[in-house]
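Student: turn this into a structure:
(one chain, ligands or ions: 1)
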Amino acid sequence: MVDIRPAQQGWQVLCDDRTEYHGTSLLLATGNPEPQWPIPNRFKDSSTLIRTPWRGDWLERIDPTAAICLVGSGLTAMDALSGLAERDHQGPISLLTPHGILPPEQVGWEPGDPFLWPDTRRASDFLHVAFQMLRAGFWEEPEWQQRFSALRSGISTAWQQLPVEDRMKLQRRAGGLWSLARFRASPQTVEAARNMRDRGQLTLIRSALKSLESTRSDGWQLGLANEVSLNADAVINCTGVGRDPLIHKLMVTGRLTPLGKSSSPAVSPGLQVISEDGSPCDTLFCIGPATALALGDVMGATSVATQAAGFARSLHTVEK
Ligand SMILES: Cc1cc2nc3c(=O)[nH]c(=O)nc-3n(C[C@H](O)[C@H](O)[C@H](O)COP(=O)(O)OP(=O)(O)OC[C@H]3O[C@@H](n4cnc5c(N)ncnc54)[C@H](O)[C@@H]3O)c2cc1C
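Tutor: Next up, the predicted model:
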């Protein structure tokens, strides 16, 4: 699907093969967009420059002695490390991590009572509440993970009360750390990473990618934010950063209205897309990661499934 147009009743949907469909209501549920490089990059995807590692097929084409650089330090990087360990990769691995850390290990926590969020109207109040809840203990302890989970239970309501600028500020400043704590790594991937570090094969570099150049020897030279450069035979993009082409197009053409000065769509708690005049549209809906700035913690499969179930219930009620 490449575009939508308002029709007499509902929406006309246009596809890239020129077919068109009509629906009285339309739900945008396009999920996580394919990752893009976090810097402008003129080089094409190849067996040594992997933009989308999610399919895992790149592992089959990597020279087992290659020096590899993983850009990013979330769950995609952990999956890449685990895949390389499974294939008994022998070459050195560097991993660029903005905070100098890897995700915590998921441990066996038990669900506790949900946390009752106070009224928070500013990013600073929101951070203060989260900090008070999480400052004691260590994030790989069951008790800490239980508290984190309790904090998450009412977070979307608290999030939606914040001004958009405050939500954007929180995403910029704390979004990375929040994702690490939220999407914890499996014990198997943590063990693979630990073994590689212990034997000196894996090095964490606290920096971000700033530039990428090819070298004469068919390798890559990476310029880092801390002015250092690094050479690698293969570079794997583990940043997960992507831009949904359809959502982007609908924002540019004005079908979707941006939330404040962001590039995310304005969506009501009832999942209705907000029109330019501020009114919720009763035939155009959106769920999933594209609604995260508007609605809060909706990246994981269970949160998206909860949105989908709520949407199905609301349709059922309307039809009755
Ligand atoms: C690598 C990875 C690992 C993850 N692991 C976990 C995990 O362990 N636990 C967890 O809770 N969550 C995980 N998530 C998050 C979770 O999978 C997603 O948030 C969830 O699947 C999103 O569901 P969705 O239905 O919104 O989107 P998706 O499941 O991504 O489905 C969207 C669909 O829409 C299609 N689509 C996109 N654009 C268009 C278009 N223009 N026209 C037509 N079709 C289109 C896509 O091809 C896709 O089929 C992971 C995400 C990723 C990327």
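
Student: in the chain, which residue sits nearest the ligand?
Tutor: Gly31 (2.2 Å; CB to the nearest ligand atom). In this view, the C-beta of every residue, glycine as well, is placed from N, C-alpha and C.

Student: surely that residue is in contact with Thr291?
Tutor: No. Here Gly31 does not reach Thr291: they are 11.4 Å apart, not a contact under CB atoms under 8 Å.

Student: which of the two has more neighbours?
Tutor: A side-by-side neighbour count of Gly31 and Thr291, using other CB atoms under 10 Å, places Thr291 first with 28 against 11.

Student: what's the nearest residue to the more buried one if we skip its chain neighbours?
Tutor: Nearest residue to Thr291 in three dimensions, chain neighbours excluded: Val267, at 4.8 Å (CB to CB, 6 or more residues apart in numbering).

Student: and the residue nearest to Ile236 when sequence neighbours are not counted, what does it touch?
Tutor: If you skip the residues right next to it in sequence, Ile236 has Ile50 as its closest partner in space, 4.6 Å away by CB to CB, 6+ apart. Ile50 makes contact with 58, 234-237, according to CB atoms under 8 Å, 6 or more residues apart in numbering.

Student: and Thr24, how many residues sit next to it?
Tutor: Thr24 is surrounded by 9 other residues when neighbours are defined as other CB under 10 Å.

Student: per-residue pLDDT, it?
Tutor: If you check Thr24, the pLDDT there is 95.

Student: look up phi and psi at the residue lying closest to it once chain neighbours are set aside.
Tutor: Ranked by CB to CB, 6+ apart and with sequence neighbours excluded, the top spatial neighbour of Thr24 is Gly10, at 3.8 Å. Here the main-chain torsion angles of Gly10 (degrees, to the nearest 10) amount to phi 90, psi -130.

Student: do you know the pLDDT at Gly10?
Tutor: pLDDT recorded at Gly10 is 93.

Student: residues contacting the residue nearest to Pro35 when sequence neighbours are not counted?
Tutor: In space, not counting the residues next to it along the chain, Pro35 is nearest to Gly242; the distance is 4.7 Å by CB to CB, 6+ apart. Shown in contact with Gly242 (CB under 8 Å, 6+ apart): 32-36.

Student: do you know how far Gly242 is from Trp37?
Tutor: If you measure Gly242 against Trp37 using CB to CB, to the nearest Å, the figure is 10 Å.

Student: ditto for Glu213
Tutor: Counting by CB to CB, the gap from Glu213 to Trp37 is 13 Å.

Student: so the two - more neighbours on which side?
Tutor: In this comparison of Glu213 against Trp37, neighbours counted by other CB under 10 Å, the higher total goes to Trp37 at 18 against 12.

Student: domain ranges for the protein?
Tutor: Residue ranges for each domain of the chain read 3-33+243-319, 49-103+185-237, 123-182, as given by automatic domain parsing.

Student: could the ones you listed go into a markdown table alongside distance to Trp117?
Tutor: Supplementary listing: the domains of the chain in a markdown table, determined by distance: least, CB to CB, whole Å:
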| stretch | distance to Trp117 |
| --- | --- |
| domain 3-33+243-319 | 11 |
| domain 49-103+185-237 | 25 |
| domain 123-182 | 4 |
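
Student: okay, which residue is most central for the protein?
Tutor: For the chain, Gly240 is the residue whose C-alpha lies nearest the centre (CA atoms, centre = their mean; 5.8 Å).

Student: do you know how far that residue is from Ala130?
Tutor: Here the criterion is CB to CB. By it, Gly240 lies 22 Å from Ala130.

Student: next one: Asn41
Tutor: Relative to Ala130, Asn41 is positioned 35 Å away (criterion: CB to CB).
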